[in-house]
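Undergrad: Sequence plus predicted model, see below.
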Amino acid sequence: MISLAPRLPTELLDSIISHSLGTTCIFEEPALLSSYALVGRLWRERINAQRFRSVRIFMSGHTTAELQLLADICTTDIWARHEGVARHVQALSLYRGSTRNSGTRLDRSSARDAAIAVVLRSLFRHNPWRARGVRAAFTLEAGNFKTGRTSGFDFATLGPAIIAAMDDLFRTAAVYRIGLTDVWGVPWSFISSANPSDLRLDTVTFHPRSGEGVGLLVPGKHLLPNLDHVSLRESPSFATGITSPVCLPPPPVTSLEIVYDIGDHNKKTYDVLYHLGGKLESLNIRIHISFFDLCPPIDYSKIHVRDNLSMEMEYSIHHGGEEEDDPPQMAAFETMVRLLPPTPPHEMYIVFVVYMLQFDTPDSERACFEDVYSKVYHRSFPEYLERITSEAHITSIDIKLCVTVQVDPGVTYISPERYIEHEDYLLEQFACMDRLRGVTFEVEVDEHEDLPNFRI
């Protein structure tokens, strides 16, 4: 019999469910989501697709019983296949440590490792989402885990059961994105067997199984031939491998994100940039530069960025911390120009933050601000910005100047009212920047009693 009861339009019901999901924290209120799922079949399908979309496993945080229960849920035949949990999972994150807010850390056990291996082998299999073009993502992180005083862990400590399950996962499932954070001693076969299109590395070291190079691991084929996006931070061994002869021609990367401190591994970072930057659609570079580190200019004849360039740079000036053997100093604005392309792409976004740390207590209130202009300003930067903003480009430039002054403990050196006066003084000195179209220029002045403790 057809029910004559009034029914809400599907579009309105879909909007209500979307609003409920948007205002509910999946990890903090799982019981509330379970209540939503009991409203009806449509609600259950939408709620389950959202709350089971991403699974997080903490190897030293979840108990063996919890992990075995998760393994049972992923492999159970109680539900019909189209109602199973595993079909909704699109992202799996495996943390070596415990949860961030956990006060204890559980020791690993063979039973717990076996349960995790079962989960790894169960997910992303027979998943109807894959037939619709939705692929899987895998992340391996240290989490709240330290080896000595260092955050991170050695890949081999995962144990043979989990390593074998991950290898099986990569060879049989459509894992398109791999993320690694604070992991050491990763074999190249770990990523080459998955052949991802999206690779995100943060403080990761790789090592070949022999001392003769990466090429022995992948004979007869190029490394990562489907790689499209790379995000790289503090992982110089990846730079060594990806620029080796086995990677000729280089992977067809179209989106590249590089984060680095110019004082560490800058040559290897530039090698990656030139090796992978030939046919980019977008490039995002984030750099931290100390005033005493000369920043090599980027050679844009070796890079082609078609659509979008994003440059974020933090430049630290340590006033009063100079040493006799320090290299010649370069104004912050001149350093920035050396990193920008002479001909910008269609869209360009620049975020430039200059930190000036006055380590020695100045003789007078105004003394520490007289040197700011000479250490920061160089006419080449405003001339560059004026040229690109007047041309037919989409540009957004944010510049922030932060001056921190060392003061004697217990002495009020700058009153809150004087902050504003000094900020206005600096804004007046750099007035030409704020007049440029599409450029936002800010100044912030504050004081610190323990600044010498931060001296590099």
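TA: Nice, thanks for sending it over.
Undergrad: Specify the strand with the largest residue count in this protein.
TA: Longest strand of the chain, by residue count under DSSP state E: strand 305-319.
Undergrad: who does the next helix or strand along the chain from it touch, helix- and strand-wise?
TA: Per DSSP states H and E, the first helix or strand lying C-terminal to strand 305-319 is helix 332-338. For helix 332-338, the elements it packs on are strand 305-319, strand 347-358, helix 372-376, helix 380-390, judged by 3 or more CB pairs under 8 Å, 6 or more residues apart in numbering; DSSP states H and E. All C-beta atoms are positioned from the backbone trio N, CA, C, and that covers glycine.
Undergrad: What is the third one packed up against?
TA: Packing contacts for helix 372-376, counted by 3+ CB pairs under 8 Å, 6+ apart, involve strand 305-319, helix 332-338, strand 347-358, strand 394-406, helix 416-429.
Undergrad: just the first one next, same as before
TA: Under the contact definition 3+ CB pairs under 8 Å, 6+ apart, strand 305-319 sits against strand 280-290, helix 332-338, strand 347-358, helix 372-376.
Undergrad: These: which one's closest to Pro297?
TA: Closest approach to Pro297 among the helices and strands packed on strand 305-319 (CB to CB): helix 332-338, 3.9 Å.
Undergrad: Tell me how far the closest one lies from the chain's centre.
TA: Its chain's average C-alpha position is 24 Å from that of helix 332-338, according to CA atoms, centre = their mean, to the nearest Å.
Undergrad: Give me the buried stretch members for that helix, please.
TA: If you call a residue buried by 16 or more other CB atoms under 10 Å, then helix 332-338 has these buried ones: Ala332, Phe333, Thr335, Met336, Val337.
Undergrad: Stretch 154-165 too?
TA: In stretch 154-165, counting by 16+ other CB under 10 Å, buried: Phe155, Thr157, Leu158, Gly159, Ala161, Ile162, Ile163, Ala165.
Undergrad: now, which of the residues you listed sits nearest Val403?
TA: Phe155 (43.8 Å).
Undergrad: Could you check the pLDDT of that closest one?
TA: pLDDT recorded at Phe155 is 92.
Undergrad: Verify the contact between it and Val183 for me.
TA: Yes. Phe155 is within contact range of Val183, at 5.5 Å (criterion: CB atoms under 8 Å).
Undergrad: what sits up against the helix or strand that contains Leu199?
TA: Using DSSP H and E, the element containing Leu199 is strand 198-207. For strand 198-207, contacts defined as CB atoms under 8 Å, 6 or more residues apart in numbering pick out 137, 152, 176-188, 191, 224, 227-235, 237-238, 241.
Undergrad: and Tyr349, how many residues sit next to it?
TA: Residue neighbour count, defined by other CB atoms under 10 Å, stands at 15 for Tyr349.
Undergrad: swap that for Lys302, please
TA: Based on other CB under 10 Å, the number of other residues close to Lys302 is 12.
Undergrad: Can you tell me, leaving aside adjacent residues, what's nearest to it?
TA: Spatially, and ignoring its direct neighbours in sequence, Lys302 is nearest to Tyr274 (4.3 Å; CB to CB, 6 or more residues apart in numbering).
Undergrad: Likewise for Met313?
TA: Spatial nearest neighbour of Met313, excluding adjacent residues (CB to CB, 6+ apart): Ile287 at 4.8 Å.
Undergrad: what does Cys247 give?
TA: Leu223 is the one closest to Cys247 (CB to CB, 6+ apart), at 5.1 Å.
Undergrad: Isn't that neighbour up against Ser192?
TA: Yes. With contact defined as CB under 8 Å, Leu223 reaches Ser192; the gap is 5.9 Å.
Undergrad: all helices for the stretch 1-150 of the chain, in order.
TA: Applying DSSP state H, counting those that start in this stretch to the stretch 1-150 of the chain gives helices spanning 10-22, 30-37, 41-51, 64-75, 110-122, 128-131.
Undergrad: Just name the most buried of these.
TA: Scoring these by mean neighbour count under mean count of other CB atoms under 10 Å gives helix 110-122 as the most buried, with a mean of 20.
Undergrad: Packing partners of it?
TA: Using 3+ CB pairs under 8 Å, 6+ apart, helix 110-122 sits against strand 54-58, helix 64-75, strand 91-95, helix 160-172.
Undergrad: Over that helix, what's the mean pLDDT, rounded is fine.
TA: Here the average pLDDT along helix 110-122 is 88.
Undergrad: chain center to that helix, what's the gap?
TA: Put simply, helix 110-122 sits 28 Å off its chain's centre (CA atoms, centre = their mean).
Undergrad: How about residues contacting it?
TA: With CB under 8 Å, 6+ apart, helix 110-122 has contacts from 55, 57, 59, 62-64, 67-68, 70-71, 74-75, 86, 92, 94, 106, 159, 161-162, 164-166, 168-169.
Undergrad: Kindly provide the distance from Ala239 to Arg233.
TA: Using CB to CB, to the nearest Å, Ala239 is found at 11 Å from Arg233.
Undergrad: I'd assumed Leu256 was in contact with Thr269.
TA: No. Taking CB under 8 Å as the definition, Thr269 is not a contact partner of Leu256, at 11.1 Å.
Undergrad: Just the pLDDT for Ile388.
TA: So Ile388 comes in at 87 (pLDDT).
Undergrad: Once you drop chain neighbours, what's closest to it?
TA: Ile388 sits nearest to Pro344 (CB to CB, 6+ apart), 5.1 Å away.
Undergrad: I figured the one you found hits Ile394, correct?
TA: No. Pro344 lies out of contact with Ile394 (CB under 8 Å); the separation is 9.7 Å.
Undergrad: which one of these two has more residues nearby?
TA: Pro344 (20 against 12).
Undergrad: Now do the same contact list for the more buried one.
TA: By CB under 8 Å, 6+ apart, the contact list for Pro344 reads Leu309, Ile388, His393, Thr395.
Undergrad: repeat for Lys302
TA: Leu273, Tyr274, Gly277, Gly278.
Undergrad: Keep only those of those residues that are in helices.
TA: Leu273, Tyr274 (DSSP state H).
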